[in-house]
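1. based on what follows, work out the 3D shape:
(chains A and B)
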Amino acid sequence: MSDSPSAASGPPSGAGLTRASMNLARKPRRLETFVKVLLLGSALLSVLITFGIILALIEPVLHFLGQVSFGEFFATEGRYAVVPLIGGTLMTTFIALLVAVPLGLGAAMYLSEYASKRARKTLKPTVELLAGVPSVVYGFFALSFVTPTLLQDILNVDVGFTNALAAGLVLGVMIIPTIASLSEDALSAVPQAMRQGSLAMGANRMQTTLRVVLPAALSGVAAAVVLGMSRAIGETMIVALAAGGQKNLSLDPREGMQTMTGFIAQTAGGENPVGSVDYNMLFAVGLLLFLITLLINAVSIAFVRRYRQAY
Amino acid sequence: MPSTTLEYTRESVQAAVSTGRSRDRNSKSLIFLILLWTSLFFGIMVLLVLIVSTAIDGAGRFDSALITKYDSTLFPERTGFRAGILGTLWLMATTAVMAVPLGIAAAVYLEEFADGTRWYNRIIELNLQNLAAVPSIVYGLLAVAVMAVIGFQRKGIVLGGAIALALLILPVIIITTREAIRAVPNDIRFGSLALGATPLQTTWRQTLPSSIPGIATGTILGLSRAIGEAAPLLLIGIAGAVRFDPTGPLSPVTALPIQIYSTTSQSQEAYQQAAAAAIIVLLVLVLALNGLAIFIRNKFQREW
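-> Reported below is the predicted structural model:
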């Protein structure tokens, strides 16, 4: 599955020669121009979507800020406090990264440095299959297996029915493919000459992987991790089902805590009339979420640019 | 295979590595290799555990009522997902009708006609990368606004859900279609142009037909992502308790993932069982779509 945003930043499109030949044409063709405008319109729609998102979010948020003060929104407790939600999101995301970074990176190193070409061709899509599992299924898995069987029965952890730990662990499994797949791309992009140089100096494959290939691909690997993080922050159904429905600003992952996305899902599922404070708060949290992922994604794109330039 | 001295293929390096393999045989290296293996197979193991444990949970409910009956509060042990399955099919069809032509048109523009050095084209590129990482729930909020702008007050209808899902998968379709178009070699285009075809004719009669397998794969993968999405549908007001078949794009609707979500939230054991069985149905749909995509890619993809 190539749903990575980095895939969009390929080489500049191969339209150069087509355009050159068009310049040779003597008369303008109306149909051609019309269709081209139509196609440009479809492409511009994607920009329109971004502006649409911002506009759609800002209008209710302005109403919200008229109803609730800025201090009340960025408070640690209270009905309209957003800090506990941010805390819940940070907690589940942190646990997810603890799971997904070592496992995703390990899988990427194996696929890139150890697996044969044939093995890689079957193993990579298999790992990516994990990304295709619907998130509501992962949520059910966290509730029905991870919490009762894995955490309570096998590991004897004292956790409640909903808790940040189970949600974070499952979230981590969900973002393994993102991190593994993009890191593998970055590791494979390291020139063979560097590996050969390392091997010629007497290093073995482990030393080559850890001390030569990994550092050389570090910005690409960082981009992968950052993108996985943005997936974890934005994921909704797992945390809505398994992380808990109560705001709880706590550092104990065994407790249930609501995340930003969990709050949006819960509030949207309830019956809140359009224009009510709760309804508008939905958009305020949504805007915050959008800005956070936008920022994180910008960081990821900057990282990708850097490793593209290196070689 | 003959290779020049300057070009090192992966194979030749691996051959070189294998001659010095004795250096890899110390205990540290072996532990490292085992760790890498474990991390690779961890995900696959979790997937297996997930499928097996869910199948066991839902084992009692693989009956005809599961797919032919509506959701029931009186008889939890006979609750069914008919409305959700039909709703999901309606949503997918409507989503595809909206997202596929738009996505292909945008991709054709960006690959075949856009001048990559112009600022507006660069903005479109950057914007696409960003859109692909926007959380799905935010697309739900956008769809709410779009529905308000075009003036539909009724919540939870097919059109609203499809708009949310179409917005969500549009970047996926654009990105994969662009890759498919990019894979068509320029020789084909030059040949067509040299024979007097206009750029548009070249695109329509040569480039697009050659990239159909890639476009189909991308579209199916996009739809397989949309089929499991629940979060944007929740926001557009699609609820679990719908007890009739959808009849058209403006009909109120529910979806399989939404029904799974609302059933899972019920505490009774019978509902948990039903949710588990419905999850297997959903997984079969998702895996079938993924399988179809892989089949098309392997069967029809041309090697140039």
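2. all strands of the stretch 1-150 of chain A, in order?
-> For the stretch 1-150 of chain A, no strands are identified by DSSP state E, counting those that start in this stretch.
3. the bottom helix or strand of chain B by mean pLDDT?
-> Least confident helix or strand of chain B, by mean pLDDT, DSSP states H and E, is helix B:10-19 with a mean of 55.
4. mind checking how far the closest residue to chain B within the stretch 51-200 of chain A is from B:Leu74?
-> Residue nearest to chain B within the stretch 51-200 of chain A (C-beta to the nearest C-beta): A:Pro134, separated by 2.5 Å. (C-beta placed from N, C-alpha, C; glycine too.) Between A:Pro134 and B:Leu74 the distance, using C-beta to C-beta, to the nearest Å, works out to 28 Å.
5. looking at these two, which one has more neighbours?
-> A:Pro134 (23 against 6; other C-beta atoms under 10 Å in any protein chain shown).
6. show me what contacts that one?
-> A:Met237, B:Ile227, B:Gly228, B:Glu229, B:Ala230, B:Pro257, B:Leu282, B:Leu283, B:Val286 (C-beta atoms under 8 Å, 6 or more residues apart in numbering or on different chains).
7. then A:Ile238?
-> A:Ser135, A:Tyr138, A:Gly139, A:Ala142, A:Ala167, A:Val170, A:Leu171, A:Met174.
8. follow-up on the earlier one: as a markdown table, the contacts of A:Pro134 with distance to A:Ser300 and pLDDT would be great.
-> Shown next, in a markdown table, are the contacts of A:Pro134 (distance: C-beta to C-beta, whole Å; pLDDT from 0 to 100):
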| residue | distance to A:Ser300 | pLDDT |
| --- | --- | --- |
| A:Met237 | 23 | 92 |
| B:Ile227 | 27 | 92 |
| B:Gly228 | 24 | 90 |
| B:Glu229 | 22 | 91 |
| B:Ala230 | 26 | 90 |
| B:Pro257 | 28 | 92 |
| B:Leu282 | 30 | 93 |
| B:Leu283 | 30 | 93 |
| B:Val286 | 27 | 92 |
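9. okay if I get the residues you listed as TSV plus distance to B:Asn186 and secondary structure?
-> TSV is the format used below for these (distance: C-beta to C-beta, whole Å; DSSP: H, G, I helix; E, B strand; the rest coil):
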residue	distance to B:Asn186	secondary structure
A:Met237	44	helix
B:Ile227	36	helix
B:Gly228	38	coil
B:Glu229	37	coil
B:Ala230	43	coil
B:Pro257	43	helix
B:Leu282	42	helix
B:Leu283	42	helix
B:Val286	37	helix
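10. just the closest of the residues you listed to B:Leu50, please.
-> Of all these, B:Leu50 sits closest to B:Leu283, with 8.8 Å by C-beta to C-beta.
11. sketch out the helices for the stretch 1-150 of chain B, chain order is fine.
-> Assigned by DSSP state H, counting those that start in this stretch, the stretch 1-150 of chain B shows helices spanning B:10-19, B:27-57, B:65-68, B:82-108, B:119-131, B:136-150.
12. okay, the ones you listed in CSV with mean neighbour count and distance to chain A next?
-> As requested, these are exported to CSV (neighbours: other C-beta atoms under 10 Å in any protein chain shown; distance: least, C-beta to the nearest C-beta, whole Å):
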stretch, mean neighbour count, distance to chain A
helix B:10-19, 13, 5
helix B:27-57, 17, 3
helix B:65-68, 16, 16
helix B:82-108, 22, 4
helix B:119-131, 18, 4
helix B:136-150, 23, 3
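13. check what pLDDT B:Ser3 gets.
-> You'll see B:Ser3 listed with a pLDDT of 43.
14. so does stretch B:167-181 get close to chain A?
-> Yes: Stretch B:167-181 lies within reach of chain A by C-beta under 8 Å from any C-beta of the partner chain, at B:Leu167, B:Leu170, B:Pro171, B:Val172, B:Ile174, B:Ile175, B:Thr176, B:Arg178, B:Glu179.
15. name the member of these with the most neighbours.
-> Counting neighbours by other C-beta under 10 Å, B:Ile174 leads these with 32 neighbours.
16. straight-line length of stretch B:248-268, end to end?
-> End-to-end distance for stretch B:248-268: 33 Å, by C-alpha to C-alpha, to the nearest Å.
17. ok, that stretch near chain A or not?
-> Yes: Stretch B:248-268 is in contact with chain A by C-beta under 8 Å from any C-beta, via B:Pro257, B:Ile260, B:Tyr261, B:Thr264, B:Ser265.
18. verify the stated contact: the fourth one with A:Phe141.
-> By that I understand B:Thr264. No: using C-beta atoms under 8 Å, B:Thr264 is not in contact with A:Phe141, being 10.4 Å away.
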